[in-house]
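J.: Fold the following and give me the result.
(one chain, ligands or ions: 1)
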Amino acid sequence: MRKFINYLFLFFFVGGAFSNVIAPSNAADIPSPKDKKPAEIGVIIGSTRPNRIGKQIAEWILNEVCNTPGLKFRLVDLVDFSLPLLNEPFPAAQSDNYTHEHTKKWSKEVQSYQGYVFIIPEYNSGYPASIKNAIDYLFKEWNGKAALIISYGFQGGKKSAEQFNQILTAVKLHPTQTMPALTLKKEMFDEKGQIKSPGQDFAQYMHGIKKAVQELRGLILG
Ligand SMILES: Cc1cc2nc3c(=O)[nH]c(=O)nc-3n(C[C@H](O)[C@H](O)[C@H](O)COP(=O)(O)O)c2cc1C
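T.: Okay, here's the model as predicted:
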């Protein structure tokens, strides 16, 4: 009997010691998925002209998708960066030792995101020069990250999106398969040239936009 008690003691003592090795004593040390910081996504407004509707569309989209788990969206307005036509002496792919303050500021902003939503209109069957210029300023800052293109125009902005997709792959961004394209209609506009009711007018596109956002999430979080 005494021998049996000794064995029992040994079993619990040694077992207890090993259980400490296998399972950490303090469960709070293990990072849970809930503790993970959400991925930062920049929603870049591609048009810069006064009276653009790009900002309205971007704000509406941001409001609709801001509760996507694991992603945190922030509006990025190119107007705030006042980028002149590219005036760095060396291509960004060659050197990121930038000369100008506006480039350093833009670089810092772009670096702070893990993914991007590009809101771009169609101008004369292509993307606006403003967004191409903003892309060309940088290189490494874009590399390997995820991107979603949402275009708009009276023809839906598809040509703009398709062309811009090629630009993104040149700077090694990974675009989503789904590229929502919003068709504008004359009657959507008020007398000031703004969309009267984006929520109502673009409601039919929300399913596609949310699907594309999930693809973006998948590209970033796996
Ligand atoms: C210079 C210019 C060219 C345009 N060309 C096209 C076009 O080729 N296809 C199209 O669908 N819409 C075209 N549009 C209409 C724009 O898509 C529409 O005006 C839209 O509101 C522009 O976006 P923004 O307001 O954010 O600048 C053009 C607009 C501008 C200003």
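J.: Show me which residues of this protein sit near the ligand.
T.: 47, 49, 52-54, 121-125, 153-155, 157, 184 (C-beta under 6 Å from any ligand atom). (Each C-beta comes from the backbone N, C-alpha and C, glycine too.)
J.: May I see the ChimeraX selection of the buried members of those?
T.: Buried subset of these, written as a ChimeraX selection, criterion 16 or more other C-beta atoms under 10 Å:
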select :47,52,53,54,121,122,123,153,157,184
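J.: So which of the residues of the chain next to the ligand are in strands?
T.: Taking DSSP state E, the ones among the residues of the chain next to the ligand that sit in strands are 121, 153.
J.: Which ones among the residues of the chain next to the ligand lie within helices?
T.: Using DSSP state H, the members of the residues of the chain next to the ligand that fall in helices are residue 54.
J.: Of the residues of the chain next to the ligand, which is the nearest to residue 106?
T.: Using C-beta to C-beta, residue 47 is the member of the residues of the chain next to the ligand that sits closest to residue 106, with 16.7 Å.
J.: contacting residues for the nearest residue to the closest one once chain neighbours are set aside?
T.: The spatial neighbour of residue 47 that comes closest, neighbours along the chain excluded (C-beta to C-beta, 6 or more residues apart in numbering), is residue 54 at 3.8 Å. Counting by C-beta atoms under 8 Å, 6 or more residues apart in numbering, residue 54 makes contact with 45-47, 119-121.
J.: Please produce CSV containing the residues you listed, extended by pLDDT.
T.: Output for the contacts of residue 54, formatted as CSV (pLDDT from 0 to 100):
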residue, pLDDT
45, 98
46, 98
47, 98
119, 98
120, 98
121, 98
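J.: between these, which is nearest residue 211?
T.: residue 119 (16.7 Å).
J.: give me every residue that touches the residue lying closest to that closest one once chain neighbours are set aside.
T.: Nearest in space to residue 119, with sequence neighbours left out and distances taken as C-beta to C-beta, 6+ apart, is residue 58 at 4.5 Å. Counting by C-beta under 8 Å, 6+ apart, residue 58 touches 43, 45, 75, 119.
J.: likewise residue 61?
T.: Counting by C-beta under 8 Å, 6+ apart, residue 61 makes contact with 43, 117, 119, 150, 209.
J.: So which residues of the chain form strands?
T.: 39-45, 71-77, 115-121, 146-153, 174-175, 181-183.
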